[in-house]
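S.K.: coordinates only, sequence not included:
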């Protein structure tokens, strides 16, 4: 097989990536603390979406239960930090290294779980895999509640001693004394949310680069071959069992890291932190970003983080009492879910490639125009 | 022994509900090879309609029940025509994602229209017990079993003895040949969705009094219905009913007599059943194994 050498496209890609890194690093200087928190969540979702897309978009294995792997990661971090007395509470700004080590550990635990789940999944094709993973996601909260001594049951686990860190003020959450934040590599980080932003985005960028390298090489080729035709892949010498379980493992690793970050971000986990809707939203994000795409998943992540807010602000533009029964009150609790669902179906009907597919089409437009 | 008997009867009542929803899943899967992940949420939504008719508009319980079934049928047909039909020939992934979209829409819409507040839903039957050989049996349980059995019998007769039933079976078995002899296969599939939505509505209306009416009501029931359908063989209507009843009784006994499982682990047990059946005997107990060339 011919090796793919470094091409001009790759150089452009690398330059764009570096620009993105710089933008991500300097962005917090221009935005509010609250916005930093929202963007931190975008980074977390981005990681989870890359993981899910490796499995579903690139390898063609449907997972409706990725929230379960996030739960494994989140609980690993929560249990390690709270039970082992690892300090994070007042030390949160210093980004205590021992606590940060729980993040890769959470990824590993989830990754191993995913790898193991990959074995029974080998025998499940298409629809049945969707069904099994969906059932896993629905059953996860029940399992968490049952093993109470380990997971804190329905009450959940507080990661840090202090009740929720808001990070709005520059006060230490425990002593309520003014803190000046910390400097990491000459970057001044003054609030918890900013710290969270840097944490999630640095990890997201590293994992994005890793995914890009993995997917452009031999492994990625094997994944895509399996997605396009298992039969053809097998006859070309791709070991189906090895690559499918590998896809599950990598994918669950990403989900585990995202779950771990989500636990740190919310400073608290309980069974409702990882509901079935989380798994479904991840699927929405992947579809909106584009199945089998990588960086457009950022748009998917932005979509799942900000859509509820956008939906609520729709009311500002609509006349009051609009429509029959005054129903379109977009501030009502169920409204965002309906909008998610409608977008999901519209994307599948009209634009199966998601944002990535839309951009491909737009890029093809000039060429089409020239031909005419 | 008395308690055991009571547990079996209440298990059968639960199982009848699972059977109704499982049958809905099987109907659609047989006709189109699709699993409708929104079946549970559609059932929940129609149950809210029945609730509105009885509680807000003061309709008679049975009249509201009948009206809801009609509305469910129309809704099911409409969904198939508008959303499912355009993607009939798309990949499994596309179809699964679209039904997940329906899950979001129905779940969100129920919360939007009726709020997530927990509602009380009156049973179709009096909250009473009758004594059979010294064993007190709940009338609600017996009524639930009876409604589902009558419905299954009616459905069977419809498929077996009517022209539309024949056309439905034909288009599920061989769509191309059916089209050649003049069966309007597209509409048959839509009718299949309508019937499935109706079965779901029955499952919802029978479930709501035993739990409470809220937008998450059918999520667990859907997993049990999956388990029942898989257990009985996802292409076998008889298997769905048998699987549902078996699962209802089995889970009830396991939950009551094995302390470790209790009430909490029933759902994971159902998940385990799904996985084990799919891995060991994918055709289920009553399904026909399909050989696949690799």
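M.R.: That came through, no problem. Predicted, not measured: the structure shown is a model, and the values here were computed from it. Residues are numbered from 1 along each chain as shown, chains lettered A, B, ... in the order given.
S.K.: Quick one: residues contacting residue A:307.
M.R.: Residue A:307 makes contact with A:336, A:339, A:340, A:343 under the criterion C-beta atoms under 8 Å, 6 or more residues apart in numbering or on different chains. Every C-beta, even on glycine, is put in place using the N, C-alpha and C of the backbone.
S.K.: Report the buried residues of the helix or strand hosting it.
M.R.: Element membership for residue A:307 (DSSP states H and E) is helix A:297-317. Under the neighbour-count criterion of 16 or more other C-beta atoms under 10 Å in any protein chain shown, helix A:297-317 has A:297-305, A:307-308, A:311, A:315 buried.
S.K.: All the helices of the stretch 251-372 of chain A, residue numbers only.
M.R.: Under the criterion DSSP state H, counting those that start in this stretch, the stretch 251-372 of chain A carries helices at the ranges A:276-289, A:297-317, A:335-350, A:354-371.
S.K.: In TSV, list these along with mean pLDDT and distance to residue B:13.
M.R.: Shown next, in TSV, are these (pLDDT from 0 to 100; distance: least, C-beta to C-beta, whole Å):
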stretch	mean pLDDT	distance to residue B:13
helix A:276-289	90	26
helix A:297-317	83	39
helix A:335-350	87	31
helix A:354-371	80	45
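S.K.: Using TSV, please lay out those together with distance to residue A:18.
M.R.: Shown next, in TSV, are the helices of the stretch 251-372 of chain A (distance: least, C-beta to C-beta, whole Å):
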stretch	distance to residue A:18
helix A:276-289	22
helix A:297-317	16
helix A:335-350	31
helix A:354-371	20
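S.K.: what about chain B, any weak spots by pLDDT?
M.R.: For chain B, the stretches with pLDDT under 70 are B:289-294.
S.K.: Which neighbouring elements make contact with the longest helix along it?
M.R.: In chain B, taking DSSP state H as the definition, the longest helix is helix B:2-32. Using 3 or more C-beta pairs under 8 Å, 6 or more residues apart in numbering or on different chains; DSSP states H and E, the elements in contact with helix B:2-32 are helix B:39-51, strand B:135-138, helix B:139-161, helix B:163-173, helix B:185-207, helix B:217-232, helix B:237-257.
S.K.: now for the ones you listed, which one comes closest to residue B:104?
M.R.: Closest of the helices and strands packed on helix B:2-32 to residue B:104 is helix B:39-51, at 8.4 Å (criterion: C-beta to C-beta).
S.K.: that older thread, ok, of the buried residues of helix A:297-317, which one's closest to residue B:224?
M.R.: Distance to residue B:224 across the buried residues of helix A:297-317 (C-beta to C-beta) is lowest for residue A:304, with 29.0 Å.
S.K.: show me which of the contacts of residue A:307 neighbour chain B.
M.R.: Restricting these to those touching chain B (C-beta under 8 Å from any C-beta of the partner chain) yields A:336, A:339, A:340.
S.K.: Show me the one in the residues you listed that has more neighbours than the rest.
M.R.: residue A:340 (27 neighbours; other C-beta atoms under 10 Å in any protein chain shown).
S.K.: Near chain B, which residues of the stretch 101-250 of chain A? Just list them.
M.R.: By C-beta under 8 Å from any C-beta, the residues of the stretch 101-250 of chain A that approach chain B are A:120, A:123-124, A:126-128, A:130-132, A:134-136, A:138-139, A:142-143, A:145-146, A:231, A:234.
S.K.: Recalculate using a threshold of 10 Å.
M.R.: A:117, A:119-132, A:134-143, A:145-148, A:153, A:227, A:230-231, A:234 (C-beta under 10 Å from any C-beta of the partner chain).
S.K.: With distance to residue A:42 as new columns, can the ones next to chain B among the contacts of residue A:307 be given to me in TSV?
M.R.: Formatted as TSV, those follow (distance: C-beta to C-beta, whole Å):
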residue	distance to residue A:42
A:336	16
A:339	18
A:340	16
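S.K.: show me the residues around the nearest residue to residue A:271 once chain neighbours are set aside that make contact.
M.R.: What sits nearest to residue A:271 in space, not counting adjacent residues and going by C-beta to C-beta, 6 or more residues apart in numbering or on different chains, is residue A:141, at 3.7 Å. Shown here is residue A:141, whose contacts under the criterion C-beta atoms under 10 Å, 6 or more residues apart in numbering or on different chains are A:67, A:68, A:71, A:154, A:270, A:271, A:272, A:273, A:274, A:275, A:276, B:267.
S.K.: Quick check: next helix or strand after the helix or strand where residue A:141 lies?
M.R.: Taking DSSP H and E as the definition, residue A:141 sits inside helix A:126-146. The first helix or strand that comes after helix A:126-146 along the chain, using DSSP H and E, is helix A:148-151.
S.K.: Which residues does the helix or strand following that next one contact?
M.R.: Following helix A:148-151 in sequence order, the next helix or strand is strand A:157-158 (DSSP H and E). Outside strand A:157-158, the residues that touch it by C-beta under 10 Å, 6+ apart are A:74-75, A:77-79, A:81-83, A:89, A:150-152, A:164, A:263, A:267-270, A:273.
S.K.: filter the residues you listed to the buried ones?
M.R.: Buried residues within these, counting neighbours by 16+ other C-beta under 10 Å: A:74-75, A:77-79, A:81-82, A:89, A:151-152, A:263, A:267-270, A:273.
S.K.: Among these, which lie within strands?
M.R.: Judged by DSSP state E, these include A:268, A:269 as members of strands.
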